[in-house]
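Participant: Please work out how this folds:
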Amino acid sequence: MERQYEEAVNEGIRIDSERVGLLSYRLLTMFLASKGLSKLRDGEYNSGADILSQHEQPAIEHTLIQIAILYRIADDNARAGRSFNGPWNPVVGRLYPDASKKQSEELNLREACNKIIHLTKLKYDMVEGEYSWQSYVRPTLYLYGRKGSQEWKAVLDVKAFCGALSQFET
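Facilitator: Presented below is the predicted three-dimensional model:
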C-alpha cells in the first residue's frame with residue numbers, strides 16, 4: 001500500500017508496520033507449520049513436537065489479538081477519509097451478521113479486527129489425522145460473538161488477513 005497513510009496518521013500512538021508485518025508472518029507460519037509439526041508427533045507427549053504443539057493455539061490467539069489491536073489503533077488515529085478505506089480495507093473473509101442465517105457479506109480488514117477483539121468464541125478449522133495427536137489447523141478461523149442481542153459469525157481467511165497486513169504501511 002502507499003506510504004500516504006503515514007501522512008494521515010495524527011499524533012496518537014504510532015504503529016510500527018515492520019513489527020506488524022513480523023506478527024502477520026508469524027501468524028501465517030504457525031498455520032502453515034501445523035501440518036508438518038503434526039507429522040513429527042508420536043503421541044507419547046515426550047517428543048519435542050508433542051511439547052511444542054501445546055503452544056500452537058495459545059500462540060495463534062495471542063498473535064491474532066496483538067495484530068487486531070495494533071491495526072485498530074492505527075485506524076482510530078487516522079484522519080477522516082484515510083482510515084481503512086478502499087485499498088487499506090481489503091476483504092479477508094465473510095461475515096454472517098445473524099449467525100442463524102445463511103446470508104453473508106464481505107468481511108473487511110477493519111471489521112475483522114473488531115470481530116477478533118470482541119469475539120466470545122473461536123473455532124479452528126481442524127484436520128483430523130489417523131491418530132488424535134496428528135490433527136492440525138488449517139488457515140481458516142471461525143469467530144463468534146454478539147452485537148446487542150444478535151449473535152454473529154465471521155469466517156476469517158488467515159492467508160488473506162496476513163496478506164492484507166503485509167501490504168499495509170503506516
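Participant: number of nearby residues for residue 154?
Facilitator: Residues near residue 154, counting by other C-beta atoms under 10 Å, number 24. Every residue, glycine included, has its C-beta placed from N, CA and C.
Participant: Centre of the chain to the helix or strand encompassing it, how far?
Facilitator: If you go by DSSP states H and E, residue 154 is part of strand 150-157. Going by C-alpha atoms, centre = their mean, to the nearest Å, the spacing between the C-alpha centre of strand 150-157 and its chain's C-alpha centre is 12 Å.
Participant: Strand partners (parallel or antiparallel) of it?
Facilitator: Next to strand 150-157 in the sheet, as set by DSSP bridges, lie strand 91-96 (antiparallel), strand 136-147 (antiparallel).
Participant: And the next helix or strand past it?
Facilitator: helix 158-167.
Participant: quick one: low-confidence ranges for this protein?
Facilitator: Residue ranges of the chain with pLDDT under 70: 1-15, 43, 45-52, 77-87, 168-170.
Participant: now the helices for it?
Facilitator: With helices called from DSSP state H, the chain shows them at 4-8, 17-40, 48-53, 56-76, 109-118, 158-167.
Participant: Packing partners of the longest one?
Facilitator: Counting contacts by 3 or more C-beta pairs under 8 Å, 6 or more residues apart in numbering; DSSP states H and E, the secondary-structure elements packed against helix 17-40 are helix 48-53, helix 56-76, strand 136-147, helix 158-167.
Participant: what angle sits between the last one and strand 91-96?
Facilitator: For helix 158-167 against strand 91-96, the angle between stretch directions is 130 degrees (axes from the mean of the first three to the mean of the last three C-alpha atoms, to 10 degrees).
Participant: ok, now the longest one?
Facilitator: Computed with the same axes, to 10 degrees, the direction of helix 56-76 lies at 100 degrees from that of strand 91-96.
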